[in-house]
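Peer 1: Build the 3D model from these lines:
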Amino acid sequence: MNLLVSLAVIALSAYLPFSDAALAAMSIDLGSQFMKIGLVKPGMPMEIVLNRESHRKTHSIVAIKGEERAFSDAAAAAGIRTPDQTYMHLVDLLGKKFDNPIVHLHQKRFPFYKTRPDDNRGTVMFETKSGEHYSPETLIAMILSEARKMTEKFAEQPVKDVVITVPPYFNQAERRAMAAAAELAGLNLLQLVNDNTAAGLNYGVFRMKEFTEKSQTLLIFDMGATKTTATIFEYQIVKDKSSSEKYPQMTTLGVGYDRTLGGLEMSLRMRDHLLKALREAKKFNVEVADSPRAMAKLFKEAERIKQVLSANVDHIAQIENVHEDYDFRLKVTREELIAMNEDLFERVKQPVLDALKMAEMSVDQVDQVVLLGAGTRVPKVQEKLQAALGGKELAKFLNTDEAIAMGAVYQAAHLSKGFKVKKFVAKEINLFPIQVDFKKQAEKEEEEVDKPRIIHRVIYGHKAPYPAKKMLTFAKHTKDFEFALNYGDLKFLSAEQLSHFGELNISRVDLTGIAEAIAANEGEGVEFKGVKAHFRLDDSGIIHVEATEVVIERPVKEEESAFASIAGKISGFFSGKEAEKDGEDKDKKDEKQPAEGEEKKEEKVEKEEAKKEETDAPTREDKKEEADKDKKDKKMKKDKKEEKSSKSDDSPKADNTTETANKTVEVKPQTVKVPLKVEESSMDIVNMTDSERKAARKRLSDFDNAEAEKAKREGAQNALEAFVYDMGDKLEQEEYQSLSTEEEREEINKQLNIVREWMDGETGPDTKTEEFEERLKTLKTATKEVFYRRDQATDRPRAVEAITQMLNHSSTFLRGIRNLTADLQIFTETEMNVLEKLVNESQAWWDEKREEQEKLKGHEKPAYTITDVAEKVKALDREMKYLLNKAKYAKPPKAKNTTTTSNATKEETGETTEKGEKEAADSDAKTDSATEDAEQKTEEDEQKTEESPETPEEQTEEQDAGDKTKRATDEEPTDEHLEL
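Peer 2: The predicted structure follows:
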């Protein structure tokens, strides 16, 4: 048993490091302008990850220049110098073909990017100056990978599991593209969660106790950089039918959105306002709009002005050296900002109206309205929104920047294997209906020439909850065929929304092997039940064709049970050959014509059981009644059984033979499922091929390796520079001059000058890391002796104090145990001699070495090292601990009783008691005091006293030698420094 426990502990210990890494999970709120990262790990509450600049939000930007990349604030700074190599607002381009209006809008906003359509997929490709091409998925994978690195540095452990937020209006192509980016980044995607759903989770999980069975409704209005959404949620306590457990549930009721309404458009209009004023202020040789750097400076200042005017009525815009060494200043007012964005403010209400329409609710039925997103800080936005909601109060209790990331990290903890969170169900709805389109199977071959009829079957309707599984049966398709997954009726979208939506076809699915599967299972009684296709809309909102199969039913004869067979043989033995023959004939007859009603009976039982499973769990009273009923039923069955057995005893044995013969084998249909070969091809956006994914991963890996090598090289260069300057300064200090000779200092200065000249004239970007490391190693070798002396001089005072205290304590302890009286002595003479010898030798060594050291100079070899002192101290400490441990558990020897008469015993006992009390008071030792009961001691007690074990004084020299050997085998000192 102990062995099993030990093995279990070892296995658990081996698993723990991996387990901690596996337990940690993260969330990424990936906005078009900023991203926020949440983290959950064992021993730490859910929190926001700080980036390398210790900020709680990070720019969703990546800058690429040759083999170097920059992220976060560094990338934002690079966006001013080289805007054409700094890629931003990439989320909007996921899953879009090159001719999509959203792509055209991006090109209009950022004309300095060089883009082209992908030859294979038709999607957007960014082309760099070096001729390389990057897809939006690859660039976003770089940002996600950087998010992972920041998280792992913050968490101090590997993190791979992630929940990523996406806008609720993302269609199948956009969601697949985001999932592909996560895969390229090496992340394990747990779920793509809608950003407003994550915010709703964040609202709900911290208010679980406030919810009741009466529903509450919440409208979350979110205006980000490039989009605006409005989502209505319902919160209430629900009851689980199977377990009667009650838990809070959040249900999405309605969603409205505007893909192009956001803070970015306001900033761009402010940029154009500044550009117009700049053109009026000065005539330039080169048009300002043709300078990407000047436009980037104007955009940055426009962003700042927009934020300031949210709290102030006016402000001064100023840009130094905006273009051709011109410093620009302009006063801007809030009224001007409102005037240039009046049409945008009018669009604020539409997402709210769309959400209410989908939820089939009125404004009065909404209990609370919560603002989210930086765009909602603009006062005019709040004014227009409040007007659309009939003057309802706009709540601001959610953290505008972090609510989505915190809600998503709660979902990550829920989906991760290592965390147990309170049950909180979030029910999502599918915005865009998905249907299966296929050709109707022609009943006759000649009908196939005509135009076939297309059948439409909606499998996930508008507002259908997900995740969910569906199955569709093609009852008449007996040959290979194909079907298409397409979007259903999208009439609820506006014309603009429909133009932004993209392709309406999702994928085409080809099924092969149907005719072969049917032919392989032909036979009498075989019935074709159709082709079944299984679909799954997962918790990320992505549809999958999980399996397809041909379903066939064929009759199968059920074998007679062993019990019935044995019973038949026994009955036949007693009834004779004639009865046996009749039974066999009847059995054969029954095999050909199975008894009717058996299959129906089983079907009835199955239906009753299924019905029973669907009912709620029984209450205590129901259970009690069922228990009483069971007892009665058992009693009735028992009585019937006894009756039946008595009747069967009275009946002739031939009847038993007939009954056994009548039990014929039953024919049941067996369901055969034959998997089909499935080939699915995307019709909206072609997924990245294996070779494309492999190439993208290799490119990311090359960047990582190059950046790691660069960081290593920079670290080696910085270490060498720091050592050169630090050592040059130290040689001028009095402390180091006293620890070195003039010759040594001259040689070290010579080596330092050689390295300085090399660093100033010969090093460059191509200088290898090994060269920096080798020169640093040479300098450390030259200065090794000086630093050694310095370390010895620094640590020597503490070493002196340590050995002095140890010698004092051990000497005092030795004198104390030497002075113990015989009746209290627990140490042997050998033990005391060993300690005395060690103390005397250590004291003599220390006196000698201390005297020698006082005569030496700082640059000379020391008489003793810190390690020498540590060994002496540890040897004394080891001996002292041994003796102190013995004293802790040992008992003083018992006094011998030499009484001869009862009177003498009384007198001696009295004297012993009086003397014992005096010694106990002086020595503080516990001794047994004599009492009047000593008169009752018998000769047997005296005999036990005489036969008691030897006292410590009577131990043999062999035992002492053994103790000494044991102490000598203790661990020798190995540390370089004293433990004080």
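Peer 1: switch to C-alpha atoms for all contacts and neighbour counts from now on
Peer 2: Fine.
Peer 1: so what's Gly858 up against?
Peer 2: Gly858 sits next to Ser738, Leu739, Ser740, Arg789, Ala793 when contact means C-alpha atoms under 8 Å, 6 or more residues apart in numbering.
Peer 1: let's see 7 Å
Peer 2: Contact partners of Gly858, counting by C-alpha atoms under 7 Å, 6 or more residues apart in numbering, are Ser738, Leu739.
Peer 1: Just say helix, strand or coil for it.
Peer 2: Assigned state for Gly858: coil (three-state reduction, DSSP: H, G, I helix; E, B strand; the rest coil).
Peer 1: from here on, count from 812
Peer 2: That works, and once the first residue is 812, the last one we named lands at Gly1669.
Peer 1: next one: phi and psi at it?
Peer 2: For Gly1669, the backbone dihedrals are phi -60, psi -30 (criterion: degrees, to the nearest 10).
Peer 1: And the next helix or strand past whichever helix or strand Ala1613 is part of?
Peer 2: Remark: Ala1613 resides in helix 1595-1629, with elements defined by DSSP states H and E. Heading C-terminal from helix 1595-1629, the first helix or strand you meet, by DSSP H and E, is helix 1640-1666.
Peer 1: counting contacts, what elements does that following helix pack onto?
Peer 2: Packed against helix 1640-1666 by the contact rule (3 or more C-alpha pairs under 7 Å, 6 or more residues apart in numbering; DSSP states H and E) you find helix 1595-1629.
Peer 1: quick check: mean pLDDT across the helix holding Ala1613?
Peer 2: For helix 1595-1629, the mean pLDDT works out to 92.
Peer 1: Same question for it: list its buried residues.
Peer 2: 1596-1597, 1600-1601, 1603-1604, 1607, 1610, 1613-1614, 1617-1618, 1621-1622, 1625 (16 or more other C-alpha atoms under 10 Å).
Peer 1: now stretch 1195-1214
Peer 2: In stretch 1195-1214, counting by 16+ other C-alpha under 10 Å, buried: Lys1195, Leu1196, Gln1197, Ala1199, Leu1200, Lys1203, Leu1205, Leu1209, Thr1211, Asp1212, Glu1213, Ala1214.
Peer 1: still on that earlier bit, for the helix holding Ala1613, packing partners?
Peer 2: helix 1640-1666, helix 1677-1700.
Peer 1: Adding mean pLDDT and mean neighbour count, write those out as TSV.
Peer 2: TSV is the format used below for the helices and strands packed on helix 1595-1629 (pLDDT from 0 to 100; neighbours: other C-alpha atoms under 10 Å):
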stretch	mean pLDDT	mean neighbour count
helix 1640-1666	92	15
helix 1677-1700	92	16
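Peer 1: Identify whichever of these lies nearest to Tyr898.
Peer 2: helix 1677-1700 (58.8 Å; C-alpha to C-alpha).
Peer 1: Would you mind getting the angle between that closest one and helix 1640-1666?
Peer 2: Between helix 1677-1700 and helix 1640-1666, the angle comes out at 150 degrees (axes from the mean of the first three to the mean of the last three C-alpha atoms, to 10 degrees).
Peer 1: Helices along the stretch 1162-1311 of the chain, start to end?
Peer 2: 1190-1199, 1214-1226, 1306-1312 (DSSP state H, counting those that start in this stretch).
Peer 1: related to what we said a few turns ago, out of the helices and strands packed on helix 1595-1629, which comes closest to Met989?
Peer 2: helix 1677-1700 (60.4 Å).
Peer 1: for the closest one, the distance to its chain's centre please.
Peer 2: 49 Å (C-alpha atoms, centre = their mean, to the nearest Å).
Peer 1: likewise stretch 1294-1308?
Peer 2: On the basis of C-alpha atoms, centre = their mean, stretch 1294-1308 sits 36 Å off its chain's mean C-alpha point.
Peer 1: go on, stretch 1602-1611?
Peer 2: For stretch 1602-1611, the separation from the chain centroid amounts to 48 Å (computed by C-alpha atoms, centre = their mean).
Peer 1: try stretch 980-992
Peer 2: Offset of stretch 980-992 from its chain centre (C-alpha atoms, centre = their mean): 22 Å.
Peer 1: Identify each buried residue in that stretch, please.
Peer 2: 980-992.
Peer 1: which among the residues you listed gets closest to Gly933?
Peer 2: Looking across those and measuring by C-alpha to C-alpha, the closest to Gly933 is Ala984, at 12.8 Å.
Peer 1: What strand or helix carries the closest one?
Peer 2: helix 983-995.
Peer 1: Please apply the same query to Ala1674.
Peer 2: Assigned by DSSP H and E, Ala1674 falls within no helix or strand.
Peer 1: Look up how far Glu1665 lies from it.
Peer 2: According to C-alpha to C-alpha, to the nearest Å, Ala1674 stands 9 Å off from Glu1665.
Peer 1: just for the stretch 1112-1261 of the chain, where's the confidence low?
Peer 2: Counting by pLDDT under 70, the ranges of the stretch 1112-1261 of the chain that qualify are 1253-1261.
Peer 1: same thing but at 50, please
Peer 2: Within the stretch 1112-1261 of the chain, the segments meeting pLDDT under 50 span 1260.
Peer 1: for the protein, which strand is longest?
Peer 2: With secondary structure taken from DSSP state E, the chain has its longest strand at strand 1354-1368.
Peer 1: Distance from that strand to the middle of the chain?
Peer 2: Between the centre of strand 1354-1368 and the centre of its chain there are 38 Å (C-alpha atoms, centre = their mean).
Peer 1: got a list of contacts for it?
Peer 2: With contacts defined as C-alpha under 7 Å, 6+ apart, strand 1354-1368 is touched by 1325, 1328, 1336-1348, 1476-1487.
Peer 1: ok, and for it, which residues are buried?
Peer 2: Ile1354, Val1356, Thr1359, Glu1360, Val1361, Val1362, Ile1363, Glu1364, Arg1365, Pro1366.
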